[in-house]
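> Here's my sequence, what's the structure:
(chains A, B and C)
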Amino acid sequence: MAGTSLKQVTFHLRHYEPGKDREPHWEQYQIDASPGMTVLDGLWKVKELFAPTLAWRSSCRMGICGSCGMLINGRPRLACNTQITELQSDVVAVGPLPNFGIIKDLVPDLHPMFEAHRELKPYLIREDIQEQENPTGEYWQTPHELERYLQFSYCIKCGCCMAACPTVATDPEYSGPMPLGQAHRYNNDTRDGGFAKRREALSGGRGPWRCHFAGECSQVCPKGVDPAKAIQLMKQDLVFDLLTLRRRRPAARLVDKPCGKKREDIPAAPPRTITKA
Amino acid sequence: MRDRTLWTWHIFAGVVILVFLGLHMTIMHLNGTFPTFNNPFGGEAESWRNVTARARSLFFTVTYVVMLGAALYHGLFGLRGILLELNPGAGLRKGINVGLSMIGLALFAFGAWVAVTAPGVMSRVGG
Amino acid sequence: MESHAHPNRLGIRGWVGGGRWGFERYLYTLHRITGLGLLTYFLLHIFVTSARVFGPASWERAMDSVSGPVFKAGEYLVFAAFAFHAVNGIRLGLIELGFAVGRPIEPIYPYATSVGRQRPLALAVMLIAGVLAVWGGYNFFFLD
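This next block holds a predicted model:
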């Protein structure tokens, strides 16, 4: 950990022991925090010194696995990505992500989010199933076509966007920003041919129609995925499809294999500069 | 994909309301600073003379009916969205859909009758 | 889809939380409130204006019943609510049809999310709605 200057920081942690507690409750702990400590480091310190049964999810401690999503000082964040000094307060209040059930302490039940994600078919759907099962080559995709969905592919499924969304707060039927953003990631992938199948899965309360652009999901996303943008672009896609204005392209084709013909205009290689020993 | 169609109509109705209700608001409430063509007899927009003058105009009659339909659809669809987001049970959900549709149709029928009927026609019957 | 875990949904509190995360959330809440207010007024308005078919006396009675100061103030609130709801509605129509959110980008810091991209539009909405509300207020309380 960088720096040696310490200051006293109070951690308010939400505890809940299933079978023992009827309701979650807050407990306070005082620890010494040095510059460079993340909230996750603080949690480890609390667990080591005061609360050995404290439970949370974490893994990579570098903001890529998406395990440690928590409500930190009123905002959904990744604990490993949040410096204690960044909060500009001597009090760090950590609770489990809202809009998910609490399994224990800071551990949310993310099953509903993953169920919704699965239902929106987050994988490439193509007609050439034989090629999908036993691939013989790569699919054509230009860098420009990649850019159309790359941002949305950075999602680490941490659940922060679901915790921030006002519609998810009241409506369990609504799929939520993560599943909808990922559905759009695949709809916009030129290798995919599954728009019609996903369109069926996107009907009713499961679809993007209950999003009203509060924008919170994009504000809290730690990876810059911008699910709000994905959902609005998906609405455009679906409405243009209704008005038969959507451009229909076939799914990307396979890259041609090298044809074996030698090109005559390639210059010969320069002489070797390193001789074998 | 019925929701998609209903939502697209909601947006379209919003645009229609923007134009016609904007005109209505200008006539009724911005008339002091922005005189419009509604008041052939001058004075207040809601005076009886102006009301009858508008009732005789085909433009106003048609636009009142269009505005009524668009506003009822837009408003009640918005209310439906808010109510469904509160996670009602299956029976209540059906009740909301059917109930709001019935209210909308009934109010449209009533309002369209009022708009199309010449003013004062019912004064011999009631009033 | 609910699990056996302890429930932790925010409920309607989740509709009003915000402010620290961006004022678009307040615009969302205000759009809902003004929409409900306008709908309530509109349903009553249909009945009040239906007095027209019963002749001038009935009409005058109806107009008198809604001419008190409380009603006048309420009518002004309806006008202001319409000004906000309409202008914010234009903004939402543009955004939700995908026109004002920007293209997918490579999120290299400092990047702008779609919320950042539409921020000038949101500020313009507040300004225009404010101007319309003041103009309407001048008309309502000083000219009419």
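> Between the two ends of stretch A:28-43, how far is it?
End-to-end distance of stretch A:28-43 (CA to CA, to the nearest Å): 12 Å.
> ditto for stretch A:158-173
With CA to CA as the measure, stretch A:158-173 spans 20 Å from end to end.
> now swap in stretch C:93-112 and tell me
21 Å.
> Can you give me the neighbour number for the residue lying closest to residue A:251 once chain neighbours are set aside?
Ranked by CB to CB, 6 or more residues apart in numbering or on different chains and with sequence neighbours excluded, the top spatial neighbour of residue A:251 is residue A:193, at 3.6 Å. (Glycine included, C-beta is placed from N, CA and C.) Using other CB atoms under 10 Å in any protein chain shown, residue A:193 is surrounded by 17 other residues.
> How about the residues of chain C by chain B?
Chain C comes close to chain B at residues C:12, C:32, C:35-36, C:38-39, C:42-43, C:46, C:49-60, C:63, C:75, C:79, C:82, C:86, C:89-90, C:93, C:96-97, C:135-136, C:138-140, C:142-144, as judged by CB under 8 Å from any CB of the partner chain.
> lowest-confidence helix or strand of chain C?
helix C:13-16 (a mean of 80; mean pLDDT, DSSP states H and E).
> Other residues contacting that one?
With CB atoms under 8 Å, 6 or more residues apart in numbering or on different chains as the test, helix C:13-16 has contacts from A:98-99, A:165-166, A:168-170, C:28-29, C:32.
> Ranking by neighbours, what's the top pick from those residues?
Most surrounded of the contacts of helix C:13-16: other CB under 10 Å gives residue A:168, at 30 neighbours.
> Phi, psi for that residue please.
The phi and psi values for residue A:168, taken as degrees, to the nearest 10, are phi -60, psi -30.
> hang on, it packs against residue A:180?
No: using CB atoms under 8 Å, residue A:168 is not in contact with residue A:180, being 10.8 Å away.
> hmm, back to that, what's the pLDDT at the residue nearest to residue A:251?
For residue A:193, the model assigns a pLDDT of 92.
> Then residue C:121?
With respect to pLDDT, residue C:121 scores 92.
> Equivalent analysis for residue B:41, please.
Predicted confidence (pLDDT) for residue B:41: 63.
> The one 4 residues further on now?
Residue B:45 is assigned 77 on the pLDDT scale.
> Ok, residue C:1 next?
We have a pLDDT of 43 for residue C:1.
> Narrow the residues of chain C next to chain B to those that are buried.
Buried members of the residues of chain C next to chain B, counted by 16 or more other CB atoms under 10 Å in any protein chain shown: C:32, C:35, C:38-39, C:42, C:46, C:49-56, C:58-59, C:63, C:75, C:79, C:82, C:86, C:89-90, C:93, C:96-97, C:135-136, C:139-140.
> By mean pLDDT, point me to the weakest helix or strand of chain A.
Lowest by mean pLDDT, DSSP H and E among the helices and strands of chain A is helix A:129-133, with a mean of 88.
> near chain C, which residues of chain B?
Applying CB under 8 Å from any CB, we find that chain B lies next to chain C at B:11, B:14-15, B:17-18, B:21-22, B:25, B:29-33, B:44, B:46, B:48, B:51, B:55, B:68, B:71-72, B:75-76, B:78-79, B:82, B:86, B:107, B:110-111, B:114, B:117, B:119-123, B:126-127.
> re earlier: what lies in contact with the least confident helix or strand of chain A?
Against helix A:129-133 from outside (CB under 8 Å, 6+ apart): A:124, A:126, A:254.
> Just the CA coordinates for that helix, please, in CSV.
Coordinates of each C-alpha in helix A:129-133 appear next as CSV, following Å, rounded to 0.1, in the frame of the first residue of the first chain:
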residue,chain,number,x,y,z
ILE,A,129,-25.3,-24.3,-37.1
GLN,A,130,-22.8,-26.9,-38.5
GLU,A,131,-20.2,-24.1,-38.8
GLN,A,132,-21.0,-22.9,-35.3
GLU,A,133,-20.4,-26.4,-33.8
